[in-house]
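>>> Got a predicted structure plus its sequence, pasted below:
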Amino acid sequence: MIQRIQTIYLSLAIIALGILFFFPLASFLSDLSYLKFYITGVKNMAPGGDVPLSMMYVLPLVLLVIAVLFISVMSLLQYKNRPRQIKFTSIAVMLNILAILAILFVYVPIIERKTGVKPDYGYLGIYLPVISLLFLVLANMAIKRDEKLVRSSDRLR
């Protein structure tokens, strides 16, 4: 299992998704508040400031990222069944793309509208979903390559 490159790619994707919960995706700095947008919610770093969005607002995004994380782990554990591993990884890729689109085109613009401040994307968190997407695509390509190799060797027997 560990000797296959797709295991390393899937592990790196899982690590990137796990780290995503600890780094902010964007910040919104104004005269009245300093907001940081995490995958788990919006936190106001200014003392005594209120938060424009509740945890319930970002719950679909949290569930989506957890689903990608869970499916990636399931794909990692399906190393003996490559066709199923390809399906799981493909689903994880699609959900990861959906999460990236939701972050960039749903959540950040709504926070921007509520605060009236442009986002600052100078944080590691905004790049982690893209990094995990890259590793998931690389894992999917490696799994397909393995499956093709196994099928060609079966044909020779």
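Nice, thanks for sending it over. This one's a predicted model, so the numbers in the text were calculated from it and none came from an experiment.
>>> which residue packs closest to Phe21, ignoring adjacent ones?
The shortest distance from Phe21 to any non-neighbouring residue, by CB to CB, 6 or more residues apart in numbering, is to Ile39 (5.7 Å). C-beta: built from backbone N, CA, C; applies to glycine.
>>> Need the residue closest to the centroid of this protein.
The centroid of the chain falls nearest to Pro129 when counting by CA atoms, centre = their mean (3.6 Å).
>>> what residues are up against it?
When contacts are counted by CB atoms under 8 Å, 6 or more residues apart in numbering, Pro129 touches 16-17, 20, 65, 96, 99-100, 103.
>>> From these, list the buried ones, please.
Buried members of the contacts of Pro129, counted by 16 or more other CB atoms under 10 Å: 16-17, 20, 65, 96, 99, 103.
>>> And these, which two are furthest apart?
Ala16 and Ile103 (14.1 Å; CB to CB).
>>> And the pLDDT for Met1?
Per-residue pLDDT puts Met1 at 60.
>>> What of the one 5 residues further on?
In this prediction, Gln6 carries a pLDDT score of 92.
>>> burial measure for it, as a count.
Residues near Gln6, counting by other CB atoms under 10 Å, number 26.
>>> Specify the local secondary structure of it.
helix (DSSP: H, G, I helix; E, B strand; the rest coil).
>>> ok, now which ones touch it?
Contacts of Gln6 by CB under 8 Å, 6+ apart are 85, 138-140, 142-143, 146.
>>> Try it again at 7 Å.
Counting by CB atoms under 7 Å, 6 or more residues apart in numbering, Gln6 makes contact with 139, 142-143.
>>> could you say which helix or strand contains the closest residue in space to it that isn't next to it in sequence?
Leaving aside its chain neighbours, Gln6 sits nearest to Ala142 (3.9 Å; criterion: CB to CB, 6+ apart). Using DSSP states H and E, Ala142 sits within helix 128-156.
>>> do Ser27 as well
Going by DSSP H and E, Ser27 is part of strand 26-29.
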